[in-house]
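A.B. asks: Here is my input; please provide its structure:
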Amino acid sequence: MTAAENVCYTLINVASDSEPPSEVSLKTDLEKGEIKAKTEALKKVIIMILNGEKLPGLLMTIIRFVLPLQDHTIKKLLLVFWEIVPKTTPDGKLLQEMILVCDAYRKDLQHPNEFIRGSTLRFLCKLKESELLEPLMPAIRACLEHRHSYVRRNAVLAIYTIYRNFEHLIPDAPELIHDFLVNEKDASCKRNAFMMLIHADQDRALDYLSTCIDQVHTFGDILQLVIVELIYKVCHANPSERARFIRCIYNLLQSSSPAVKYEAAGTLVTLSSAPTAIKAAAQCYIDLIIKESDNNVKLIVLDRLIELKDHPTHERVLQDLVMDILRVLSTPDLEVRKKTLQLALDLVSSRNVEELVIVLKKEVIKTNNVTEHEDTDKYRQLLVRTLHSCSVRFPDMAANVIPVLMEFLSDTNEAAAADVLEFVREAIQRFDNLRPLIIEKMLEVFHAIKTVKIYRGALWILGEYCSTKEDIQSVMTEVRRSLGEIPIVENEIKKETGELKPEDEVSAAPAQKLVTEMGTYVTQSALSSSRPSKKEEDRPPLRGFLMDGDFFVAASLATTLTKLALRYVSIVQDKRKQNSFVAEAMLIMVTVLHLGKSSLPKKPITDDDVERISLCLKVLSECSPLMNDIFNKECRRSLSHMLTVRLEEEKLSQKKESEKRNVTVQADDPISFMQLTAKNEMTSKEDQFQLSLLAAMGNTQRKEAADPLASKLNKVTQLTGFSDPVYAEAYVHVNQYDIVLDVLVVNQTSDTLQNCTLELATLGDLKLVEKPSPLTLAPHDFANIKANVKVASTENGIIFGNIVYDVSGAASDRNCVVLSDIHIDIMDYIQPASCTDAEFRQMWAEFEWENKVTVNTNITDLNEYLQHILKSTNMKCLTPEKALSGFCGFMAANLYARSIFGEDALANVSIEKPIHLGPDAPVTGHIRIRAKSQVGHSCCALTWY
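C.D. replies: Predicted structure coming up:
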């Protein structure tokens with residue numbers, strides 16, 4: 001362990017603008033000053049020693065005039081002073097003056113004040129000189145019997161540290177602490193003593209645990225946590241001990257402390273793979289998620305459940321707990337609900353799918369009228385997608401799910417309604433027996449649909465799957481009802497002129513009879529209440545869409561009417577009825593076309609929509625068999641093909657996931673014997689407690705790539721030149737939310753550099769957590785300085801600064817060496833991610849910021865260029881592999897990535913191979929990038945070549 005990585009016990013703030021006082025003035029204050037003056041002088045002495053000053057002349061002054069004082073502040077400062085002051089001569093022998101210090105601390109260890117005793121014991125943990133500690137051992141032993149627990153627990157820590165560093169000073173420490181532990185009643189003291197025995201003499205710790213293993217559930221939570229750690233380590237090193245302690249772990253699952261329950265459940269899973277053990281641990285995790293109020297705790301414990309599920313032998317056990325897992329849905333947090341639903345969906349089987357669907361239906365109904373929470377709409381969308389997945393995997397459930405979900409087609413939340421519509425489209429195509437039910441429910445809610453996108457989808461489904469005469473006529477009735485009186489233009493003109501003639505409105509609306517509170521009848525005039533404040537309010541939904549200028553729905557309507565009319569002609573033999581139905585369909589199309597060409601709508605009809613409606617009119621007028629086949633067969637065949645491809649992709653991804661989880665052992669695989677396995681090969685036997693500690697400290701070991709360029713040396717940045725008096729280079733270590741700069745500073749001069757300070761500043765969304773402390777560098781010496789930088793978003797960041805220092809003995813001003821800039825690579829924060837096509841389109845429409853990058857490359861192959869882009873930007877291609885296969889001279893693909901801060905980055909690659917320029921012509925085209933925040937700017941900072 002380097003000096004920079006040693007444990008830091010005390011942090012001292014140093015004012016950078018203060019002038020260092022002279023040794024004479026300090027000596028005067030320490031000898032003759034009041035308590036306050038001595039306190040300030042002692043603080044200045046400590047700061048000067050930390051900055052590299054020796055001050056040997058003040059040592060005896062402090063022993064004579066400061067050490068005997070009983071002021072508590074002085075005593076606390078003296079503990080810091082004796083920790084940092086040099087205690088040996090240049091040849092390594094202990095200073096004679098330290099004998100006096102040792103005697104003073106022997107008295108403090110016998111002081112009647114428990115705080116002074118306890119703080120002195122804590123100070124002794126930091127001493128590295130055995131000569132100083134040896135005379136104090138009897139006093140330290142005596143502190144184990146002090147009446148106050150603060151003294152006793154610090155005495156245990158002091159004995160443990162001394163035993164670990166200088167075993168010869170107290171060789172009987174394990175036995176002494178074991179006897180102390182047997183008789184001790186305080187939980188914190190027992191915890192410290194037990195912790196010492198775990199590391200100093202594990203056999204004694206096990207002996208003590210064996211004597212009280214039945215009383216473990218009555219211990220305090222801090223002691224229970226240490227017991228769990230001991231059991232884990234013992235069973236980890238010696239699996240034969242599992243049977244001895246597994247009952248104790250079972251008992252600790254019932255602890256009142258959530259931390260103990262969590263650790264006990266994790267330990268139980270590592271000790272035993274029996275179904276009863278897995279079930280008990282999973283049940284404990286579920287109880288923790290439900291009872292804990294902190295959403296972060298819920299997410300962490302959910303991740304543990306997901307890890308359990310990923311184990312093939314544990315999945316079967318967790319399937320029986322699906323209903324218990326669904327209790328977590330009572331949590332209002334969307335992320336928790338999302339993970340819970342995904343976990344439940346992964347675990348659902350034919351045995352429990354019916355119960356799962358019942359619970360989800362109840363949750364859907366709960367959200368129907370609840371709008372007080374901002375995430376209600378998103379939660380409803382999650383529920384719809386989960387029910388959709390259940391129905392696809394278990395077709396028998398579709399009939400129960402569809403009636404509930406169809407109600408959401410009239411919902412104002414377009415996202416949830418769109419998901420329902422997608423589900424209905426897939427269900428009506430796959431399940432022939434459900435078509436009458438779906439069409440019936442669709443006709444019931446058709447008039448209540450409020451959004452034009454959902455209206456278009458519903459029209460398409462009705463036009464595609466209505467196959468009986470009654471259903472076709474019902475759809476036509478609903479269309480006429482939704483369109484209002486036709487011709488539309490004449491009707492709208494009459495309404496506008498009718499506003500000047502209220503009597504027309506009165507004659508059109510009948511009078512109503514109402515009952516008063518007295519029970520008598522009164523007549524309500526249509527003149528006073530039938531006229532709306534705005535003429536748009538009384539428009540039917542389809543007419544409202546058309547008047548707003550949305551004529552894409554008119555093109556969809558024309559296609560639907562054409563399909564229905566062609567099908568009606570093939571079903572009904574009566575020529576008169578055939579002509580009547582076709583004429584009505586053509587009349588509707590013509591009146592919509594007339595409306596689009598008029599000046600009444602807010603926006604005129606587009607040429608594409610005109611062409612589509614005209615084509616439908618021509619098809620109906622000619623009724624050719626080819627067009628009949630295209631409209632009524634080819635459309636459905638395309639949908640069927642798309643759904644089949646999607647299903648194959650889902651099955652392929654599930655197969656890959658299952659292959660990852662199923663650990664296959666080949667016949668010629670070597671057999672691992674634990675006794676013969678090297679420590680670095682025991683991957684399955686890693687210490688979970690140590691891994692958790694490393695993860696919390698941000699020191700998780702990453703596997704380095706085989707490529708030498710991907711090693712740590714690739715991230716070393718040179719900050720100064722080789723000829724500068726101070727050479728510096730930095731290794732940039734990127735953690736999840738912060739950056740650690742490990743700066744190597746080398747003194748290349750023959751002078752001692754004092755107050756050598758690394759001064760850093762940041763540009764962008766970076767923030768320096770703390771200012772690095774000053775150093776003193778001997779001639780040709782070096783040191784490591786660590787600086788933490790907090791990252792708030794994936795904006796390109798720059799760290800810049802300089803190194804300032806004083807030359808010892810020189811009268812000149814401070815010297816300064818300017819450092820090179822450190823550019824932070826945002827690729828460390830961008831990760832490939834997945835989303836549905838609908839989500840991609842929605843985000844593409846919502847995100848305002850866009851940048852268009854022209855492709856400039858030497859690559860000649862389209863697929864090769866796409867792979868190069870994916871590798872350079874760390875994005876994922878959402879376009880299916882089948883859509884990209886083959887060669888047609890051009891390619892379009894959608895890319896998606898998310899930052900660890902939840903920011904989305906979208907990209908659309910549109911490239912082509914100019915064949916007319918020859919086979920060696922490079923790829924040309926554009927890449928459009930959209931983002932909501934700075935992540936988009938960051939992506940565009942990449943070089944697209």
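A.B. asks: Okay, buried residues for the helix or strand harbouring residue 302 please.
C.D. replies: Applying DSSP states H and E as the criterion places residue 302 in helix 295-310. By neighbour count with 16 or more other CB atoms under 10 Å, helix 295-310 contains the buried residues 297-298, 301-302, 304-305, 308-309. C-beta: built from backbone N, CA, C; applies to glycine.
A.B. asks: so how far is that helix off the chain centroid?
C.D. replies: Centroid separation between helix 295-310 and its chain, computed with CA atoms, centre = their mean, to the nearest Å, is 12 Å.
A.B. asks: quick one: average pLDDT of that helix?
C.D. replies: Looking at helix 295-310 alone, the average pLDDT works out to 86.
A.B. asks: helices or strands up against that helix?
C.D. replies: Identification of packing neighbours for helix 295-310 by 3 or more CB pairs under 8 Å, 6 or more residues apart in numbering; DSSP states H and E yields helix 258-271, helix 275-291, helix 312-319, helix 334-347.
A.B. asks: Pull the number of nearby residues for residue 556.
C.D. replies: Residue 556 has 20 neighbours, counted by other CB atoms under 10 Å.
A.B. asks: That one contacts residue 458, correct?
C.D. replies: No. Residue 556 is not in contact with residue 458 according to CB atoms under 8 Å; the separation is 9.7 Å.
A.B. asks: hmm, back to that, comparing the helices and strands packed on helix 295-310, which gets the lowest mean pLDDT score?
C.D. replies: helix 312-319 (a mean of 80).
A.B. asks: Now that helix: buried residues?
C.D. replies: Quick answer for helix 312-319 (16+ other CB under 10 Å): 314-315, 317-318.
A.B. asks: What's the first helix or strand after that helix?
C.D. replies: Taking DSSP H and E, what comes next after helix 312-319 is helix 322-325.
A.B. asks: for that next one, packing partners?
C.D. replies: helix 275-291, helix 334-347, helix 353-368.
A.B. asks: centre of the chain versus that helix, how much separation?
C.D. replies: On CA atoms, centre = their mean, the centre of helix 322-325 falls 23 Å from that of its chain.
A.B. asks: End to end on stretch 330-338, go ahead and measure it.
C.D. replies: 12 Å (CA to CA, to the nearest Å).
A.B. asks: With respect to residue 267, which of the helices and strands packed on helix 322-325 lies nearest?
C.D. replies: helix 275-291 (8.8 Å; CB to CB).
A.B. asks: Just the residues contacting the closest one, thanks.
C.D. replies: 246, 250, 253, 258, 261-262, 264-266, 268-269, 271-272, 297-298, 301-302, 304-305, 308, 314, 316-318, 320-321, 324-325, 327-328, 330-331, 336 (CB atoms under 8 Å, 6 or more residues apart in numbering).
A.B. asks: and it, how far from the chain's centre?
C.D. replies: The answer for helix 275-291 is 23 Å, by CA atoms, centre = their mean.
A.B. asks: can you count the residues close to residue 621?
C.D. replies: Should you count by other CB under 10 Å, residue 621 turns out to have 10 residues around it.
A.B. asks: What sits closest to it if chain neighbours are left out?
C.D. replies: Nearest residue to residue 621, sequence neighbours excluded (CB to CB, 6 or more residues apart in numbering): residue 586, at 7.4 Å.
A.B. asks: give the contact list for the one you found.
C.D. replies: 617, 620-621.
A.B. asks: List just the nearest of these to residue 564.
C.D. replies: Out of the contacts of residue 586, the member with the shortest distance to residue 564 (by CB to CB) is residue 620, at 10.4 Å.
A.B. asks: next one: phi and psi at the residue nearest to residue 718 when sequence neighbours are not counted?
C.D. replies: Once flanking residues are discounted, residue 718 sits nearest to residue 729: 4.9 Å by CB to CB, 6+ apart. Backbone torsions for residue 729, taken as degrees, to the nearest 10, come to phi -140, psi 150.
A.B. asks: what do you get for the one 10 residues further on?
C.D. replies: Dihedral pair for residue 739: phi -120, psi 130, per degrees, to the nearest 10.
A.B. asks: surely it meets residue 731?
C.D. replies: No. Using CB under 8 Å, residue 739 makes no contact with residue 731, being 10.8 Å away.
A.B. asks: Please say which of the two ends up with more neighbours.
C.D. replies: residue 739 (21 against 16).
A.B. asks: Quickly list what that one is bridged to.
C.D. replies: residue 734, residue 789 (DSSP bridges).
A.B. asks: what's the spacing between it and residue 430?
C.D. replies: Going from residue 739 to residue 430 by CB to CB, to the nearest Å gives 51 Å.
A.B. asks: ditto for residue 490
C.D. replies: Residue 490 is 45 Å from residue 430, by CB to CB.
A.B. asks: Tell me which of the two has more neighbours.
C.D. replies: residue 430 (16 against 12).
A.B. asks: Now the phi/psi pair for the closest residue to residue 85 other than its chain neighbours, please.
C.D. replies: In space, residue 85 comes closest to residue 49 once its chain neighbours are excluded; the distance is 6.2 Å by CB to CB, 6+ apart. Here is the backbone geometry of residue 49 (degrees, to the nearest 10): phi -70, psi -40.
A.B. asks: Residue 49 contacts residue 55, doesn't it?
C.D. replies: Yes. With contact defined as CB under 8 Å, residue 49 counts as touching residue 55 (6.3 Å).
A.B. asks: May I ask you to name the longest helix in the protein?
C.D. replies: Taking DSSP state H as the criterion, the chain has its longest helix at helix 635-661.
A.B. asks: could you say what helices and strands that one packs with?
C.D. replies: Using 3+ CB pairs under 8 Å, 6+ apart: helix 635-661 touches helix 414-430, helix 452-465.
A.B. asks: Give me the angle between that helix and helix 312-319.
C.D. replies: 120 degrees (axes from the mean of the first three to the mean of the last three CA atoms, to 10 degrees).
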